[in-house]
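S.K.: Return a 3D structure for these sequence lines:
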Amino acid sequence: MKKLIRKNWLKVILLIALTLTFGTGVFERKTSAQPGSCADCVADQVIFELASPADLPAVAAQYNLDPTPLGQVGIPTTYRMRVVNGQNPQTIVTQMTADARIKKPQVNRLLSAAERVDLPWTIGRSWSVGRSWSVGGSKKAYDTQWFPAKIHLNDALAQSTGQGVTVAVLDTGIDLNHPIFANRLVPGHDFVDNDDDPSEEGVLHQNPSYGHGTHVAGLVALTAPGAKIMPLRVLDRDGVGDLWRVKDAVIWAANHGADVINLSFGYPEDPLNPDAQRLLKQLLDACDDGLTDDGTTFPELGAHRLMAVAGAGNSGELHGPDNAPLRIYPAGQTAGSMIAVAASTRYDLLADFSGFDRRWVEVVAPGEDIISAIPNGRFASWSGTSMAAPIVSGVAALVKAKFPDCTPTQIVHQVKGTGDQWDYDHPTRTDADGRALRIKVRRVDALAALTTAVTAGCQMPAPARR
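M.R.: Have a look, this model is predicted:
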């Protein structure tokens, strides 16, 4: 078991002071990075697909790559290769776009827990000052908080608790010994250190995302108390991961029986590299029926199918190059077996920090001032779409348990099609045309997802014969 580093209060106080003093400057400095730079990717790796594996030696030689792949997946094969001459991977990817032998070249994108305070694309809040475990968070507050009533959770649990369903939480790991996870866990994996101990590592308040995975998993546990949780550590102690690592975790989850995967992290779109999202989108598409839009297959997934839930990011009113709301991936991929989730408030309004774009956000769920577990058996309040996503993952587990014949895509339609309808003009945000942003989406409702007309093809299990 990894040893958790004890808190150092002097460092905590110093860090808070530095954040208050220099926080705005840090935000401005990070947003000044030029598009296409490798500040947002693994510094010595490129990813691309080859229709003919026989071309690999020549391609490696031409682009100064180590000829031995770091990894490969799918048919046609997608390779992860190491750059050996120190060249910027983005430059290599740009050169590869004109090479007829190569398809879907991309960098190995870095991604982050959406509640990191120093992200240039997020205005979400990290640990809530005045509402953390240090001033009264408790198991009672966790059990009696506001959001279960908003989504009619208690009534839903009379219909289904998620029994027999497994939810994989791809995050910073979790506190495996937290009391709320007792008898709730199935074996997981650490894709950061490549071992079978997915415990969180770090120091509270010092590492910007320490506690994130525990908090996320705790919301799955509260929403679907009968489901099992599979902890998969894909983000390091600073909340940073990469695309290939997530790919490995999705495949591992599928091969170890997960039914739902929760993705409470993201990365912003790269207009200079339109293929930067293709690999993960194809993989998530294949998680449903094995099919992708261009015929790529992933034998590595095996026969088990699963759906995904992704937080829409905390980009608030930030806009992309086309002046449309900033698209955050993987939520922005619109894969058929995935739900993109924005965050709502206790007053059924879009949270001020939440990313939202009606082109790809399909549901909202409570995500403001949400109480859940943090390491060392404690509890805390956190706000973000990372909190909204696991609530939806829990609701999906309830649906899967009640309607086990549902396919992943059918569960997606059932959850997003049965929520409370929102339809209003946002008071401060505008769309790409400068008009008031029209919010037209559904806020998830656990009871309705279990009792409203079920998506065609989903059936209750046949009664046992006497």
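
S.K.: for stretch 387-402, what is the average pLDDT?
M.R.: The predicted model assigns stretch 387-402 a mean pLDDT of 97.

S.K.: pull the CA atoms of it into CSV?
M.R.: Written as CSV, here are the backbone C-alpha positions of stretch 387-402 (Å, rounded to 0.1, in the frame of the first residue of the first chain):
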residue,chain,number,x,y,z
MET,A,387,-18.8,16.0,-9.4
ALA,A,388,-21.8,16.0,-11.8
ALA,A,389,-20.3,13.1,-13.9
PRO,A,390,-20.2,10.4,-11.2
ILE,A,391,-23.8,11.2,-10.2
VAL,A,392,-24.8,10.4,-13.8
SER,A,393,-22.5,7.3,-13.7
GLY,A,394,-24.4,6.2,-10.6
VAL,A,395,-27.8,6.7,-12.3
ALA,A,396,-26.5,4.7,-15.3
ALA,A,397,-25.6,1.9,-13.0
LEU,A,398,-29.1,1.9,-11.5
VAL,A,399,-30.6,1.7,-15.0
LYS,A,400,-28.2,-1.1,-16.1
ALA,A,401,-29.0,-3.1,-12.9
LYS,A,402,-32.8,-2.8,-13.5
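
S.K.: ok now it, how far from the chain's centre?
M.R.: In terms of C-alpha atoms, centre = their mean, to the nearest Å, the centre of stretch 387-402 is found 14 Å from the chain centre.

S.K.: Tell me how this structure divides into domains.
M.R.: Per automatic domain parsing, the domain ranges recorded for the chain read 38-109, 112-451.

S.K.: pretty sure H256 contacts K228?
M.R.: No. Contact between H256 and K228 fails when scored by C-beta atoms under 8 Å: they sit 10.9 Å apart. Backbone N, C-alpha and C define where each C-beta goes, glycine included.

S.K.: Mutual contacts of the two, please.
M.R.: Common neighbours of H256 and K228, using C-beta atoms under 8 Å, 6 or more residues apart in numbering, are V186.

S.K.: which one of these two has more residues nearby?
M.R.: Set H256 next to K228 and count neighbours by other C-beta atoms under 10 Å: K228 wins out with 22 against 17.

S.K.: how about that one, what does it touch?
M.R.: Residues near K228 by C-beta under 8 Å, 6+ apart: 165-167, 184-186.

S.K.: Write the PyMOL selection for whichever of these are buried.
M.R.: The PyMOL command for the buried members of the contacts of K228 (criterion: 16 or more other C-beta atoms under 10 Å) is given here:
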select buried, resi 165+166+167+184+185
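
S.K.: Can you add distance to G332, secondary structure and pLDDT and give the contacts of K228 back as TSV?
M.R.: Output for the contacts of K228, formatted as TSV (distance: C-beta to C-beta, whole Å; DSSP: H, G, I helix; E, B strand; the rest coil; pLDDT from 0 to 100):
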residue	distance to G332	secondary structure	pLDDT
V165	26	coil	98
T166	26	strand	98
V167	22	strand	98
R184	31	coil	97
L185	31	strand	98
V186	30	coil	98
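
S.K.: For the contacts of K228, name the two members farthest from one another.
M.R.: Maximum pairwise distance among the contacts of K228 (C-beta to C-beta): 13.7 Å, between V165 and L185.

S.K.: who does G311 bridge with?
M.R.: Beta-bridge partners of G311, counted by DSSP bridges, are V341.

S.K.: going forward can the numbers begin at 26, since that is how I track them
M.R.: From this message on, residue numbering opens at 26, which makes the last subject G336.

S.K.: what's the spacing between it and F404?
M.R.: G336 is 20 Å from F404, where distance means C-beta to C-beta, to the nearest Å.

S.K.: Looking at the two, which one has more neighbours?
M.R.: Taking other C-beta under 10 Å, G336 and F404 do not tie; G336 has more neighbours (34 against 24).

S.K.: Tell me which stretches of the stretch 26-175 of the chain form helices.
M.R.: Taking DSSP state H, counting those that start in this stretch as the test, the helices found in the stretch 26-175 of the chain are 34-56, 81-87, 114-121, 164-169, 172-175.

S.K.: for the helix or strand following the last one, which positions count as buried?
M.R.: Of the helices and strands lying after helix 172-175 in sequence (DSSP states H and E), the nearest is helix 178-182. Residues of helix 178-182 classed as buried under the neighbour-count rule (16+ other C-beta under 10 Å) are 178, 180-182.

S.K.: thought F216 was touching V259?
M.R.: Yes. Counting by C-beta under 8 Å, V259 is a contact partner of F216 at 5.1 Å.

S.K.: what touches both of these two?
M.R.: Common neighbours of F216 and V259, counting by C-beta under 8 Å, 6+ apart, are 266, 270, 274.

S.K.: What residues does the second one make contact with?
M.R.: With C-beta under 8 Å, 6+ apart as the criterion, the residues that contact R270 are 216-217, 259.

S.K.: Need phi/psi at it.
M.R.: Per-residue torsions, R270: phi -60, psi -40 (degrees, to the nearest 10).

S.K.: what about it, distance to V285?
M.R.: Distance of R270 to V285, computed by C-beta to C-beta: 19 Å.

S.K.: By mean pLDDT, point me to the weakest helix or strand of this protein.
M.R.: The least trusted helix or strand in the chain, going by mean pLDDT, DSSP states H and E, turns out to be helix 34-56, with a mean of 28.

S.K.: Closest to E226 out of the buried residues of helix 178-182?
M.R.: Nearest to E226 among the buried residues of helix 178-182, counting by C-beta to C-beta, is L178 at 31.7 Å.

S.K.: sorry, back to before: now render the contacts of K253 as JSON lines, adding distance to D124.
M.R.: Shown next, in JSON lines, are the contacts of K253 (distance: C-beta to C-beta, whole Å):
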{"residue": "V190", "distance to D124": "44"}
{"residue": "T191", "distance to D124": "42"}
{"residue": "V192", "distance to D124": "41"}
{"residue": "R209", "distance to D124": "49"}
{"residue": "L210", "distance to D124": "46"}
{"residue": "V211", "distance to D124": "43"}
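
S.K.: out of the contacts of K253, which one sits closest to G243?
M.R.: Nearest to G243 among those: R209, at 10.1 Å, using C-beta to C-beta.

S.K.: quick one: low-confidence ranges for the stretch 26-175 of the chain?
M.R.: In the predicted model of the stretch 26-175 of the chain, residues 26-62, 139, 141-162 satisfy pLDDT under 70.

S.K.: how does it look with 50?
M.R.: Across the stretch 26-175 of the chain, the ranges flagged by pLDDT under 50 are 26-61, 152-161.
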